[in-house]
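> Dropping the sequence and predicted coords here.
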Amino acid sequence: MDIVTAQEMYERDRVAMEAAGLDGKLLMENAGRAVTYDLLRHIQKEHAIVVLIGAGNNGGDGFVIARTLLNLGYDVEAWQVVPDTKITGDAEAHKKIFQASGHPYRLLKSSEDLNTSLGCADVCIDAMLGIGVKGRLKEPYAEIVRLCNEKSFVRLSVDLPSGVPADEGEEDFEAFQAHYTSIIDAPKQSVFLQSTRPYYGEWSVVEIGLPPQLLPDHRRRLWGAADVKRTLPERDAHSHKGSHGKGLIIGGSRLMPGSVAMTARAALRSGAGLIAVSTDPEAIPSISPYVQEATFVEGKDGGQVPVLEGYDGIAVGMGLGRTSVMVTVVEQLVHEKETPLLVDADGLYLIKGFLQELEKREAPTVLTPHPGEFAHLSGLSIKEILNSPFSHSKEFAEKHGVYLVLKGPSTIITGPDGEQRVNISGNAGLAKGGSGDVLSGILLSMMMQGEDVMNALSNGCFLHGSTADLLVQDEHAKIDLLASDVIEGLSRTFRTFSS
Ligand SMILES: NC(=O)C1=CN([C@@H]2O[C@H](COP(=O)(O)OP(=O)(O)OC[C@H]3O[C@@H](n4cnc5c(N)ncnc54)[C@H](OP(=O)(O)O)[C@@H]3O)[C@@H](O)[C@H]2O)[C@H](O)CC1
Ligand SMILES: [K+]
């Protein structure tokens, strides 16, 4: 499913109108009806419903929604919150159809009248502003939004909660706090940002009849279960352990043996053929019982720098520490140009000095930072990253020729050519030590088994998150879920996805 900016959404509309001959009024009818039937899941026949209608096409959708609900026999009060002169174009056409259907609307004169009406409502449908909002809400919207957010009714938004910007990068806003948002055609960037995401409440996307073949591809997609089913490589019945990749994991130290152990176990549980671990010899006795299937490699000349040749993929960084000898290891890895490399945790701190050289690597380089680590790598502040994760990820990945997995509740995976995928599977139970180590193991394993790195990373992120989701559905609570539970839960997820 595509993720769009406001501009890209207008472009999709334009293509539908110009190249496919879909009339704007028809699109509005489709949108309004699709949203109505979607919202009905949250509405009961005995509910008193208020529909708030704004000045633009979002308001036009509101007239369609109010008409459809009234036609179906629901108890609806339609409030136009701007003067008649503000309702123009397709919205005005739908206002006329609304009136021709014999339905009355109320015009906002004072906020007291509206407030009385809101006081009797069970459900409030916000069709005031959508992707056309610019800057902070002006009156009367700001006051209406404040009134609505104080009420105890069910708040449902059309396309976007009014006031929420569609695009990343906007910090200063005030918005309708929806319990549920019915998104038209494609999720906007703001669905995935820390600051705007909470305003949407739960959400889903309705289809309105845009012609898929003609729509421009902005190469920014939400990666879902259907994508995983479509792209997860099948295991050949005649394969042997060498067919699924021989991986090396470099990490762990005397005081941090657990992380590399979890990465190795997660890689093996995700189908890697062979896993070797390079770690502090003192850590081996505590790691080996946990991953009996792994082997251990010694450093060259008894040192800590392992032989790097002969692997299908290498992961480095988890529990590694930041000592000078590890700088040497990371430097050698950067120069080991032909082996796919995944860098996490301490490895991300150590690789900062070699960023300029990553572009020269021939095999894929994957960096998996959380926003704090990405701030260190990029020199940006965490706030800047959280405000504009799409553009900052893209700029960094293109500049350094790397795959960037920016981890968070919405994980953004960016390729060196700027393509982006978003994963939203997973839950707060994953916000714990060890989750990143497990993800690294899954990603390493996926990279060694599939040819397309973007698919491997997207599938790995999805499987990691959905395993956590499955586990909190029945066996665990978010509070007690451990990273190691996720490793053991992978079997169930793989059974679901490999038919
Ligand atoms: N295919 C589709 O996606 C379809 C989407 N539809 C719906 O249309 C909206 C987008 O419609 P648009 O008219 O472009 O924009 P809005 O309805 O969001 O808002 C425009 C009005 O908002 C006013 N505005 C802008 N910023 C503010 C602000 N900060 N405070 C108050 N008012 C603001 C603006 O007024 P100006 O005087 O500033 O110009 C406009 O009046 C999309 O979201 C969907 O819901 C269609 O149904 C067709 C299919
Ligand atoms: K809205």
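Alright, I've got the coordinates. Ligands and ions are numbered 1, 2, ... in the order given.
> any chance you could map the helices in the stretch 1-150 of the chain?
For the stretch 1-150 of the chain, helices defined by DSSP state H, counting those that start in this stretch occupy the ranges 6-18, 24-39, 57-71, 89-100, 111-119, 141-150.
> Please identify the most buried of the ones you listed.
helix 57-71 (a mean of 26; mean count of other CB atoms under 10 Å). Where C-beta positions appear, they are placed from N, C-alpha and C, glycine not excepted.
> and it with ligand 1, contact?
Yes - judged by CB under 6 Å from any ligand atom, helix 57-71 comes into contact with ligand 1 at 57-61.
> Count the neighbours of the closest residue in space to residue 309 that isn't next to it in sequence for me.
Computed as CB to CB, 6 or more residues apart in numbering, the closest residue to residue 309 that is not its neighbour in sequence is residue 336, at 7.4 Å. By the criterion of other CB atoms under 10 Å, residue 336 has 15 neighbours.
> tell me the contacts of residue 336?
Residues near residue 336 by CB atoms under 8 Å, 6 or more residues apart in numbering: 308-309, 314.
> From residue 195, how far off is it?
Residue 336 is 40 Å from residue 195, where distance means CB to CB, to the nearest Å.
> cool, residue 305 as well?
In terms of CB to CB, residue 305 sits 43 Å off from residue 195.
> can you check residue 143 too?
Relative to residue 195, and taking CB to CB, residue 143 is found at 22 Å.
> Close to ligand 2: what parts of the stretch 101-250 of the chain are there?
Proximity of the stretch 101-250 of the chain to ligand 2 is confined to 126, 157-158, 162 under the rule CB under 5 Å from the ion.
> Which of the three states applies to residue 412?
Put simply, residue 412 is strand when judged by DSSP: H, G, I helix; E, B strand; the rest coil.
> my guess is it contacts residue 422, does it?
Yes - under the criterion of CB atoms under 8 Å, residue 412 makes contact with residue 422 at 5.6 Å.
> give me every residue that touches the closest residue to ligand 1 within the stretch 201-350 of the chain.
Nearest residue of the stretch 201-350 of the chain to ligand 1: residue 208, at 5.8 Å (CB to the nearest ligand atom). For residue 208, the contact set (CB under 8 Å, 6+ apart) comprises 27, 30-31, 34, 184-185.
> In the residues you listed, find the pair that's most separated.
The largest separation in the contacts of residue 208, counting by CB to CB, is between 27 and 34 at 10.4 Å.
> For stretch 41-50, measure first residue to last.
16 Å (CA to CA, to the nearest Å).
> To clarify, my last question referred to stretch 195-205.
20 Å.
> May I ask which helix or strand of this structure has the lowest mean pLDDT?
The weakest-scoring helix or strand in the chain, judged by mean pLDDT, DSSP states H and E, is helix 324-335 (a mean of 91).
> ok, and for that helix, which residues are buried?
Across helix 324-335, burial judged by 16 or more other CB atoms under 10 Å covers 326, 329-331, 333-334.
> what residue ranges in the chain score low on pLDDT?
301-303, 499 (pLDDT under 70).
> how near is residue 146 to residue 137?
9 Å.
> tell me, what's touching the two both at once?
By CB under 8 Å, 6+ apart, the residues touching both residue 146 and residue 137 are residue 174.
> those strands in the stretch 351-499 of the chain, which residues are they?
365-367, 403-406, 411-414, 420-423 (DSSP state E, counting those that start in this stretch).
> Ends of stretch 414-424, what's the gap?
First residue to last in stretch 414-424 (CA to CA) measures 15 Å.
> Select, out of the strands of the stretch 351-499 of the chain, the one closest to ligand 2.
strand 420-423 (22.0 Å; CB to the ion).
> residues in contact with the closest one?
3, 192, 219-223, 390, 393-394, 410-414, 454, 457-458, 461-462, 465.
> With stretch 378-392 instead?
Here stretch 378-392 has contacts from 168-171, 189, 192-195, 220, 371-372, 374-375, 396, 406, 408, 410, 412, 420, using CB under 8 Å, 6+ apart.
> ok, of the residues you listed, which come out buried?
Here, 16+ other CB under 10 Å leaves 168, 170, 189, 192-193, 195, 220, 371, 374-375, 396, 406, 408, 410, 412, 420 buried among the contacts of stretch 378-392.
> quick revisit: just the buried residues from the contacts of strand 420-423, in PyMOL please.
Of the contacts of strand 420-423, the buried ones go into a single PyMOL selection, burial set by 16+ other CB under 10 Å:
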select buried, resi 3+192+220+221+222+223+390+393+394+410+411+412+413+414+454+457+458+461+462+465
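> Can you name the residue of the stretch 351-499 of the chain nearest to ligand 1?
For the stretch 351-499 of the chain, CB to the nearest ligand atom, closest residue to ligand 1: residue 387, 18.3 Å.
> measure that residue to residue 167 for me?
11 Å.
> what's near enough to touch the residue nearest the centre of the chain?
Closest to where the C-alpha atoms of the chain average out (CA atoms, centre = their mean) is residue 410, at 3.3 Å. Contacts for residue 410 (CB under 8 Å, 6+ apart) come out as 191-193, 197, 389, 422-424.
> overlap in contacts of residue 412 and residue 422?
Joint contacts of residue 412 and residue 422 (CB under 8 Å, 6+ apart) are residue 192.
> quick revisit: what are the phi and psi values at the residue nearest to the centre of the chain?
With angles defined as degrees, to the nearest 10, residue 410 sits at phi -110, psi 110.
> and the residue lying closest to it once chain neighbours are set aside, how far is that from ligand 2?
What sits nearest to residue 410 in space, not counting adjacent residues and going by CB to CB, 6+ apart, is residue 192, at 3.8 Å. To ligand 2, residue 192 is 18 Å away according to CB to the ion, to the nearest Å.
> Residue 417 touches residue 398, doesn't it?
Yes - here residue 417 lies in contact with residue 398, judged by CB under 8 Å, at a distance of 7.3 Å.
> Please say which of the two ends up with more neighbours.
Using other CB under 10 Å as the criterion, residue 417 and residue 398 rank with residue 398 on top: 16 against 11.
> Relative to ligand 2, how far out is the more buried one?
For residue 398 relative to ligand 2 (CB to the ion), the value is 34 Å.
> How about residue 171: what's its closest non-neighbour residue?
residue 387 (5.9 Å).
> Can you give me the neighbour number for that neighbour?
With other CB under 10 Å as criterion, residue 387 counts 19.
> Next: residue 299.
Residue 299: 17 neighbours (other CB under 10 Å).
> How about residue 207?
Using other CB under 10 Å: residue 207 sits among 12 other residues.
> got it, and the one 4 residues further on?
When neighbours are counted by other CB under 10 Å, residue 211 registers 13.
> do the same with the one 4 residues further on
With neighbours defined by other CB under 10 Å, the count for residue 215 comes to 19.
> Quick check on it: phi, psi?
Dihedral angles for residue 215 - degrees, to the nearest 10 - are phi -70, psi 140.
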